[in-house]
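Trainee: generate a structure from the sequence data that follows.
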Amino acid sequence: MLALFTLRKGLLGRALAFAALVAFTSPILAADDDRAAYDKAITSAVNFLTAQQNEDGSFSDAAPIGVTGLCAAGILEHGRTADDPVVKKALTFLESNIKEDGGIYGEGSNHKNYETSLSVLAFAAANKDGRYDKLLAGTDKFLKGIQWDASEEKEESDPFYGGAGYGGHKRPDLSNTAFMMEALKATGTGPDDEAMKKALIFVSRCQNLESEHNTSEFPAKNPDGGFYYTIAAGGSSQAGETPNGGLRSYASMTYAGLKSMIYAGLDKDDERVKAAVAWLGKHYTLDENPGMGQQGLFYFYVTCAKALDALGDEEFVTADGTKHPWRAELRAELLGRQQKDGSWVNETTRWMEGNPQLVTGYTLLAIKYAQPTAAK
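Mentor: This is a model prediction of the structure:
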């Protein structure tokens, strides 16, 4: 679809672009910078979620706490406030799940980190007047408490050190760690905080880059600068292994790694950032999650959007020297994928992306970074 948009020179290019949008059956058939089209898409998405909200304020029967936090955060990022009836109902549901340890999760949950971190994004966005300061202080304490460090008898040399897992005593991974760092950043935690410093140690070890920050066996087997799922418990990549036992890099984790390193204070001159950007420059596309195809596509979109925004460049330069106006390209891709009912959903359903509430929440967060130029 993006390739068609780059052909918009003359009547033929415009006709092809129009035909591509029609093929995706999107209700949005406007130019990239059409603010009205963007606003229409957002309104349609929020209306979809409003219609899907349960009586108790949740947005999904499956994984209701995490999905509700995600959807509420997405709605709040597009102009609603904590006093909006839909948002207020969702936040009340989340508050009903606060535990004594400060976390926000369901009884017996195996996803305490995800649920708490996504809830934090909602409460932080709703906290303009400080009404949730005490609540967020509790979530900060909880999230820092589940990070693997000396309190779990892990020394800095241990591959577990600095990472976050699902919230029990399972091994940490880059996805959970990135969500934890995102939540901590949302409440004002900066790079000088010990939790961020520890997390950076773990994140750096999940990169296929040999350096003083990663002396594990894996980078030498696949020295491409990208990121994989986890260094812990023997190492693992959702994209699989190379023939020699290396861990394959893939885009969603590489964007997660890039974003997390920037949140932890690294700049563009750091070798780790350079290597991540170089890998992404060789694999830039919005048609798929490179390395994983259509799996985790919308997780990929929101991670990509946040990472490139954090990087700070309005154009992303790929390995062949092409300058991509990534915000406009991402906007075109997401608008083209919107369903007629206002939702987004992934036909490849792994990681719950067959759930339209979850995916619409992801997309509302991603598309915030892809607003028409005049809106920023």
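
Trainee: CA only for contacts and neighbour counts going forward, please
Mentor: Fine.

Trainee: which ones are touching the residue nearest the centre of the chain?
Mentor: Centroid-nearest residue in the chain: T303, 3.3 Å away (criterion: Cα atoms, centre = their mean). Shown in contact with T303 (Cα atoms under 8 Å, 6 or more residues apart in numbering): 252, 255-256, 259, 366.

Trainee: so which helix or strand takes in it?
Mentor: Under the criterion of DSSP states H and E, T303 resides in helix 297-311.

Trainee: which parts of that helix are buried?
Mentor: By 16 or more other Cα atoms under 10 Å, the buried positions in helix 297-311 come out as 297-309, 311.

Trainee: can you tell me which of the residues you listed is nearest V67?
Mentor: Among the buried residues of helix 297-311, Y299 lies closest to V67 (Cα to Cα), at 12.7 Å.

Trainee: list the contacts for that closest one?
Mentor: 252, 362.

Trainee: what's the pLDDT at it?
Mentor: Here the pLDDT value assigned to Y299 is 98.

Trainee: distance of it relative to A126?
Mentor: Remark: distance between Y299 and A126 (Cα to Cα, to the nearest Å) = 23 Å.

Trainee: same check, this time on G163
Mentor: To A126, G163 is 27 Å away according to Cα to Cα.

Trainee: who has more neighbours, those two?
Mentor: G163 (32 against 23; other Cα atoms under 10 Å).

Trainee: ok, that one - contacts?
Mentor: 147-148, 172-174, 176-177, 198-199, 202-203.

Trainee: gap between it and G246?
Mentor: For G163, the distance to G246 - Cα to Cα - is 21 Å.

Trainee: ok, L308 next?
Mentor: Between L308 and G246 the distance is 27 Å, computed by Cα to Cα.

Trainee: redo the buried residues of helix 297-311 as TSV? Include distance to W279.
Mentor: Shown next, in TSV, are the buried residues of helix 297-311 (distance: Cα to Cα, whole Å):
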residue	distance to W279
L297	18
F298	20
Y299	19
F300	15
Y301	17
V302	18
T303	15
C304	13
A305	16
K306	17
A307	14
L308	13
D309	17
L311	14
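
Trainee: farthest-separated two in the residues you listed?
Mentor: L297 and L311 (20.7 Å).

Trainee: can you pull out the helices in the stretch 1-150 of the chain?
Mentor: For the stretch 1-150 of the chain, the helices defined by DSSP state H, counting those that start in this stretch occupy 2-5, 10-23, 35-52, 64-76, 85-95, 112-125, 133-145.

Trainee: can you redo the ones you listed as JSON lines with mean neighbour count and distance to A276?
Mentor: Below are the helices of the stretch 1-150 of the chain laid out as JSON lines (neighbours: other Cα atoms under 10 Å; distance: least, Cα to Cα, whole Å):
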{"stretch": "helix 2-5", "mean neighbour count": "16", "distance to A276": "23"}
{"stretch": "helix 10-23", "mean neighbour count": "15", "distance to A276": "32"}
{"stretch": "helix 35-52", "mean neighbour count": "18", "distance to A276": "31"}
{"stretch": "helix 64-76", "mean neighbour count": "28", "distance to A276": "27"}
{"stretch": "helix 85-95", "mean neighbour count": "20", "distance to A276": "35"}
{"stretch": "helix 112-125", "mean neighbour count": "26", "distance to A276": "24"}
{"stretch": "helix 133-145", "mean neighbour count": "18", "distance to A276": "26"}
